[in-house]
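Engineer: Sequence and predicted structure below; questions after.
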Amino acid sequence: MATHTFKLNGKQISVDAEDNVRLLWVLRDLLGVTGPKYGCALEVCKSCTSHINGKAFNPCSVQVKDIQPADEITTIEGLPATVGKELHPMQQAWLDMDVSQCGYCQPGQIMAAVAKVKQAQAEGRELTEADLDELRNICRCGTYSRIREAIKAGAEDM
């Protein structure tokens, strides 16, 4: 068994795991970080969406051996710390717009939304409907219209 080191939610951590274990299982089963959800293990549903070095990715599709010591993994649990507040503006928008029904997909939805807004900002432009159309996280409860409204509202405060 190998020791893997990386930054998780602002803290450098080390964990013993076989190289071929998916990062999602390392996060959930070995480190107790349960915000990223298991839905498909195929990078389709995106309920596990987190950030690696500020960009959205799906830890269900990445083996822990592929994570480098300099990589920064941020999950929904670490998102508020990225803005130094109790809640990230996107999380607050989710609450304000009463998005969640069952809530299972919501951490992944929020993480994907934050990454998409940051991408638009880095390109020096406003978030567009086309950007929202690119988000492919599945919500089995069908709250897509509220999700889109919350993303727009959250983007205004980011």
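Structural biologist: Arrived safely, thanks for sending.

Engineer: quick one, phi/psi of the one residue sitting closest to the centre of the chain?
Structural biologist: In the chain, the centroid-proximal residue (C-alpha atoms, centre = their mean) is residue 50; its distance is 2.6 Å. Backbone torsions for residue 50, taken as degrees, to the nearest 10, come to phi -140, psi -170.

Engineer: can I see the domain layout of the protein?
Structural biologist: 2-76, 81-156 (automatic domain parsing).

Engineer: just the strands in the protein please.
Structural biologist: Along the chain, counting by DSSP state E, strands occupy 2-8, 11-17, 50-52, 55-57, 72-74.

Engineer: just those: most buried one?
Structural biologist: Neighbour counts (mean count of other C-beta atoms under 10 Å) averaged over each of these peak at strand 50-52, with a mean of 24. Heads up, the C-betas are built off the backbone N, CA and C, glycines and all.

Engineer: Just to check, the residue nearest to the centre of the chain is in contact with residue 77?
Structural biologist: No. Look at residue 50 against residue 77 with C-beta atoms under 8 Å: they stay out of range, at 9.6 Å.

Engineer: which ones are touching the residue nearest to the centre of the chain?
Structural biologist: 27, 35-36, 56-59, 73-76, 108, 111 (C-beta atoms under 8 Å, 6 or more residues apart in numbering).
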